[in-house]
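K.L.:
Next one to model:
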Amino acid sequence: MEKLEERARMICAQDLLAAGCWPTEIEEKVERLWPVVAHEIMGGAVDPSFAHVNDLARRRHEYDVATGRASKSSNGSSFQLLGADQSKPDR
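P.N.:
This is a model prediction of the structure:
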């Protein structure tokens, strides 16, 4: 669990910084949102160590908004090959 939490906190902080979160706000947001990342790392499996997190859905939405994933998800899949010519079909 300790390694999972450490990794989730690191990824959460990187995602928030990349999305433009102020460095002065990172610590507070990571403290609240790291369980969302840990849940994703575990593939959505429910771990008893997260029993104290009773508002995971709300935190997930908050994380999606903070990282910019919420706006992308409304357009369908956010997967896109960077640099690929999207106008030509695969052959």
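K.L.:
Give me the buried positions along the top helix by length along the chain.
P.N.:
Scanning the chain for the longest helix, with DSSP state H as the assignment, gives helix 23-41. Across helix 23-41, burial judged by 16 or more other C-beta atoms under 10 Å covers Lys29, Val30, Leu33, Trp34, Pro35, Val36, Val37, Ala38, His39. All C-beta atoms are positioned from the backbone trio N, CA, C, and that covers glycine.
K.L.:
For the protein, just list every one of the helices.
P.N.:
Along the chain, counting by DSSP H, helices occupy 2-18, 23-41, 56-67, 69-73.
K.L.:
Let me see the contact set for Pro23.
P.N.:
Neighbouring residues of Pro23 by C-beta atoms under 8 Å, 6 or more residues apart in numbering: Leu17.
K.L.:
circling back: which one of the buried residues of helix 23-41 sits closest to Arg69?
P.N.:
Using C-beta to C-beta, Val36 comes nearest to Arg69 of the buried residues of helix 23-41, at 10.6 Å.
K.L.:
any idea of the pLDDT on the closest residue to that closest one other than its chain neighbours?
P.N.:
The spatial neighbour of Val36 that comes closest, neighbours along the chain excluded (C-beta to C-beta, 6 or more residues apart in numbering), is Tyr63 at 4.5 Å. Confidence at Tyr63, expressed as pLDDT, is 94.
K.L.:
contacting residues for Tyr63?
P.N.:
Listed by C-beta under 8 Å, 6+ apart, the contact partners of Tyr63 are Cys12, Asp15, Leu33, Val36, Val37, Arg69.
K.L.:
hmm, 10 Å instead?
P.N.:
12, 15-16, 19, 29, 32-37, 39-40, 56, 69-70 (C-beta atoms under 10 Å, 6 or more residues apart in numbering).
K.L.:
Greatest separation within these: which pair is it?
P.N.:
The span of these, defined through C-beta to C-beta, is set by Ala19 and Leu56 at 19.8 Å.
K.L.:
Only the C-alpha atoms, please, for stretch 2-19, written as PDB.
P.N.:
Extracted C-alpha coordinates of stretch 2-19, given in PDB (Å, rounded to 0.1, in the frame of the first residue of the first chain):
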ATOM      1  CA  GLU A   2       2.800   2.400   0.800                       C
ATOM      2  CA  LYS A   3       4.400   2.100  -2.600                       C
ATOM      3  CA  LEU A   4       1.000   2.400  -4.300                       C
ATOM      4  CA  GLU A   5       0.200   5.600  -2.400                       C
ATOM      5  CA  GLU A   6       3.700   7.000  -3.100                       C
ATOM      6  CA  ARG A   7       3.300   6.300  -6.800                       C
ATOM      7  CA  ALA A   8      -0.200   7.700  -7.000                       C
ATOM      8  CA  ARG A   9       0.800  10.900  -5.200                       C
ATOM      9  CA  MET A  10       3.700  11.400  -7.700                       C
ATOM     10  CA  ILE A  11       1.500  10.800 -10.700                       C
ATOM     11  CA  CYS A  12      -1.300  13.000  -9.300                       C
ATOM     12  CA  ALA A  13       1.200  15.900  -8.700                       C
ATOM     13  CA  GLN A  14       2.600  15.500 -12.200                       C
ATOM     14  CA  ASP A  15      -0.800  15.500 -13.800                       C
ATOM     15  CA  LEU A  16      -1.900  18.600 -11.900                       C
ATOM     16  CA  LEU A  17       1.300  20.500 -12.800                       C
ATOM     17  CA  ALA A  18       1.000  19.500 -16.400                       C
ATOM     18  CA  ALA A  19      -2.600  20.800 -16.400                       C
END
